[in-house]
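K.L.:
A predicted structure for the sequence below; I have some questions about it.
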Amino acid sequence: MIHVTLNDWQMLQAFNNEKNLPSKMKYSVTGDLWVNRMAGCIGEMACAVFLDTKLQHDYEYDILHDGKRIDVKTMRRKDAPLKTHDCRVTIHGHMQECDVYVFASVAYNEESEKFEMGATLCGWATKDEVEGWKQVKKGEVDSDFAGFRERSDAFKSKYINLRSMDTL
């Protein structure tokens, strides 16, 4: 896992990127909450900074790097991510046309309503690898966290199973 610290300008850019998103996201399972959308924009920005490239802002993928179409999936958390934490890609009627998924984690303090300046890039997997992960169904009880129910049908794995960011 690699933590990428963003500067003030990059955080402002992530904020502006969130403002330019549609008010209702297609296939959203997070309720289109501002904090979730902002976390996603921070994760995308951190990945672009790490790869030294710019964001594409295409619905199908976020970044084009070395010929690979990359979509960044970001989780908002209270604490730093652990290798045993879950990563997931929601299953819709349409799987995004990307080659690679990068998984990021962004720390958010609910009391102060502030984000950490950056994100942890937890690793990556090819789309084909993701489609081979365990599938969970909306409403199923999570086997690791009693009482938590899956919000959507998804492909699910753990950060520990991802490829290292320095191999992308």
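P.N.:
Received, thanks.
K.L.:
and the helices in the protein, which stretches?
P.N.:
Counting by DSSP state H, the segments of the chain that form helices are 8-19, 34-51, 127-130.
K.L.:
average pLDDT for the first one?
P.N.:
I take that to be helix 8-19. Averaged over helix 8-19, pLDDT sits at 89.
K.L.:
and the angle from it to helix 34-51?
P.N.:
Comparing the axes of helix 8-19 and helix 34-51 via axes from the mean of the first three to the mean of the last three Cα atoms, to 10 degrees yields an angle of 130 degrees.
K.L.:
check which helices and strands helix 8-19 sits against.
P.N.:
Using 3 or more Cβ pairs under 8 Å, 6 or more residues apart in numbering; DSSP states H and E as the contact test, the elements touching helix 8-19 are helix 34-51. Any C-beta I mention is one placed from the backbone N, CA and C, and that applies to glycine too.
K.L.:
buried residues in the helix it packs on?
P.N.:
36-51 (16 or more other Cβ atoms under 10 Å).
K.L.:
cool, and stretch 48-63?
P.N.:
Residues of stretch 48-63 classed as buried by neighbour count (16+ other Cβ under 10 Å): Ala48, Val49, Phe50, Leu51, Leu55, Gln56, Tyr61, Asp62, Ile63.
K.L.:
quick one: which of the buried residues of helix 34-51 is nearest to Trp124?
P.N.:
For Trp124, the nearest member of the buried residues of helix 34-51 is Cys47. The distance, counting by Cβ to Cβ, is 9.2 Å.
K.L.:
I'd say the closest one and Ala104 touch.
P.N.:
Yes - the pair Cys47 and Ala104 qualifies as a contact (Cβ atoms under 8 Å) at a distance of 6.4 Å.
K.L.:
who touches both of those two?
P.N.:
Common neighbours of Cys47 and Ala104, using Cβ atoms under 8 Å, 6 or more residues apart in numbering, are Val72, Ala119, Leu121.
K.L.:
and Tyr61, how far from Glu18?
P.N.:
Note on Tyr61: its distance to Glu18, by Cβ to Cβ, to the nearest Å, is 18 Å.
K.L.:
please apply the same query to Gly67.
P.N.:
Distance, Gly67 to Glu18, using Cβ to Cβ: 28 Å.
K.L.:
so between these two, which is more surrounded?
P.N.:
The neighbour count for Gly67 versus Glu18, taken as other Cβ atoms under 10 Å, is higher for Glu18 (18 against 6).
K.L.:
report the separation between the more buried one and Lys54.
P.N.:
Computed as Cβ to Cβ, the Glu18 to Lys54 distance reads 17 Å.
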